[in-house]
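Q: When you get a sec, could you give me coordinates for this:
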Amino acid sequence: MDDRTQVSPRNDDGSRGRRPGGGLRIGPVRVTPTVVMLVVAVVGSFAFLAYALTVRESTQIPLLAAGLAVLGIVFGALAVSGVVATYQAGSDGRPIRAMGLAILGGVASIIALLCFAGAILGALLSPR
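A: The predicted structure follows:
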């Protein structure tokens, strides 16, 4: 918005508001709060899982179960964001991108379910 006239400048197509595709980018990927949050969550949950693998105590199995549960939640969030991105790409008329995002979202959902299964097995096998 222009401070002098209180009017938003027009885009190339004549519409007003934000320009599509603007903002910070790393290569072709737009850096959004959702992307940053999911990257931090994936890295943090993998680090916690790596720590749980190196601990040699009686708490190793419960730590692994907790790490797998958190990793399942993260990959579930990735799958949901894949659904949203697939819908947006399909609405924008980009079918190849939509298909790729649908496949990646499906893979993320399978990984999430495998992590949840591992967490349930870990919880059942942990010593009381």
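Q: Would you give the sheet partners of the lowest-mean-pLDDT helix or strand in the chain, along with the direction of each?
A: Ranked by mean pLDDT, DSSP states H and E, the helix or strand of the chain with the weakest confidence is strand 29-30, at a mean of 76. Sheet pairing here is set by DSSP bridges, and for strand 29-30 it gives strand 25-26 (antiparallel).
Q: pLDDT averaged over the strand it pairs with - what is it?
A: Averaging pLDDT along strand 25-26 gives 80.
Q: picking that back up, in the helix or strand that the least confident helix or strand of the chain is followed by, what counts as buried?
A: Once the chain leaves strand 29-30, the next helix or strand it forms, by DSSP states H and E, is helix 33-54. Neighbour-count burial for helix 33-54, counted by 16 or more other Cβ atoms under 10 Å, picks out Leu38, Ala41, Ser45, Phe48, Leu49, Ala52. For glycine as for every other residue, the C-beta is placed from the backbone atoms N, C-alpha and C.
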